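Asks: coords please:
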Amino acid sequence: MTPRRIAFVGPTLPAGLRPAGFEYRPPVKHGDLFDLCLRPGDQILIVDGVYQHFAPIRHKEILAQLARGVHVAGTASLGALRAAELAAFGMQGLGQVYAQARSGHLHADADVAVLHTDDSAGARRLTEAMVCVRHGLSELLQAGKLDTHQASRLEQAAARLHFTERSATGLRHAAGPDRDAMQLLLDHLRHHGDIKTRDAQNALDTLAARPVPPPLAPATADVWTSSYGREGDFEHRPLKPGSAVGARLALACLQLFATDFPDRHRAYALRMAAATTRTTGTAGRLLAAAGFAPATRPHARLARGTEATAHWTADERLLARTFRLPPGRLVYQDLPAEAVTGTTLDELEQRCRRLLLPPGAHPLPTPQRHTLLRQLWQAGSDHDYRLCALERGFRDTAEAARLAGAFDLALITRLLRAPAAAR
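Replies: Reported below is the predicted structural model:
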């Protein structure tokens, strides 16, 4: 299989300047590398990334790909910072912004950050990055178009602004009596290109001209595993070799629609809690061994019964609804034996394929998914709905609704309401 070449590029390099040979994606955010199902030998270039309105790309996510034998490089913007931070672990850095970050002259995300439009609108830049201001001033100083005092005053004026305020208007206003000199800088950046744009274009041209390098040797130990990495692996693992249905989707099918799944989840939570705490016995003993107080009131908010758990003890409800795998984020990272009790993987695959949305069909809007799940689980209130999601092994109702989007919920509702003989 031909290795993939993927570049995460946004406002740093307009679409018309991007060379062929890469699959271009918007600025990278947390989870994007896990979602790509990368293989050894694939090549990733990170130019732009988000970090304010979304979770930024985490170091362990990059390290996980390097450990799998994926080539990861960074340049120009957030990619340059991550490459400088992870150079010792195999991430390649390219360009002058990377060199400044590697030498310690540049270290803050805010130095490369810009305010920009949404990527669907072309990711047009609305402000100037501080690293571009500094580099542009240096070029004007060397060309003799500014003196050292002017350059210093302009840099200080720009540095006083938050990156979201460093627009052309904002910079001219901040410059005060030096506004004409600031306009000279803005004209220079517009006509000659800024350092981030040059770095990005040079990195893409350089990588495009090179033959795809051989796969890196995967790490012998899973050093950089994390709950996000395990979740990503589970999301993309097939139910069985060659299966078109993923293991996570198969589990979701059971979690969402098997009427007895809360009992299966309770059995799973009891087994895993016992393995973690090395304690056997009741749910109350397991809670105590894990450092939590057993349920003192059967009708406390997390311990009260629902339609599916009326026959459980209060401690069992509390344990099942709060169980997490270490370090405390995931509930499931595989398809356990308890979940598939009474069925084979072949039968589970057939059931999932029957219930999935047809190709090309649009999922129900999220509010309608919540409404249907409340009906299916017989949740009479918002709190009961939350309890139902927790006792089925979801982290919250949002995760349940997200996974439900893959299924034909209207069909499922009709099937569950039909007489058993007609199914």
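
Asks: Now for the residue with the largest distance to the centre of the chain: which residues touch it?
Replies: In the chain, counting by CA atoms, centre = their mean, Gly144 sits farthest out from the average C-alpha position, at 46.5 Å. Applying CB atoms under 8 Å, 6 or more residues apart in numbering to Gly144 gives no contacts. Placement of C-beta: from N, CA and C, glycine included.

Asks: Distance-wise, check it relative to His192.
Replies: Gly144 sits 15 Å away from His192, going by CB to CB, to the nearest Å.

Asks: What of Leu45?
Replies: Leu45 is 24 Å from His192, by CB to CB.

Asks: can you check Ile412 too?
Replies: In terms of CB to CB, Ile412 sits 60 Å off from His192.

Asks: ditto for Arg353
Replies: From Arg353 to His192 the distance is 57 Å (CB to CB).

Asks: Quick check: which ranges of the stretch 101-250 of the chain have low pLDDT?
Replies: Residues of the stretch 101-250 of the chain that meet the criterion pLDDT under 70 lie in 119-122, 215-224.

Asks: ranges for the strands of it?
Replies: Using DSSP state E, counting those that start in this stretch, the stretch 101-250 of the chain contains no strands.

Asks: For Thr279, give me its contacts.
Replies: Ala273, Arg285, Leu286, Ala289.

Asks: Could you check which of Leu45 and His192 has the larger neighbour count?
Replies: For Leu45 versus His192, the count of surrounding residues by other CB atoms under 10 Å is larger for Leu45: 28 against 12.

Asks: check which helix or strand covers the more buried one.
Replies: In this structure, Leu45 is located in strand 43-46 according to DSSP states H and E.

Asks: and that strand, what does it pack onto?
Replies: strand 5-8, strand 71-75, helix 78-85, helix 195-209 (3 or more CB pairs under 8 Å, 6 or more residues apart in numbering; DSSP states H and E).

Asks: How about residues contacting the third one?
Replies: Contacting residues not belonging to helix 78-85 are listed as 8, 27-28, 45-49, 51, 56-57, 59, 62, 73-75, 91-95, 97-98, 101-102, 106-107, 109, 112, 199 [CB under 8 Å, 6+ apart].

Asks: Quick one: buried ones out of these?
Replies: Among the contacts of helix 78-85, those classed as buried by 16 or more other CB atoms under 10 Å are 8, 27-28, 45-49, 51, 56-57, 62, 73-75, 91-95, 97-98, 101-102, 106, 112, 199.

Asks: What is the burial count for the residue nearest to Ala157 when sequence neighbours are not counted?
Replies: Nearest non-adjacent residue to Ala157, counting by CB to CB, 6 or more residues apart in numbering: Ala174, 4.2 Å away. Neighbours of Ala174 under the rule other CB under 10 Å: 19.

Asks: and the gap between the spatially most central residue of the chain and His236?
Replies: Centroid-nearest residue in the chain: Gly31, 2.3 Å away (criterion: CA atoms, centre = their mean). Between Gly31 and His236 the computed distance is 12 Å (CB to CB).

Asks: Next: Ala267.
Replies: 26 Å.
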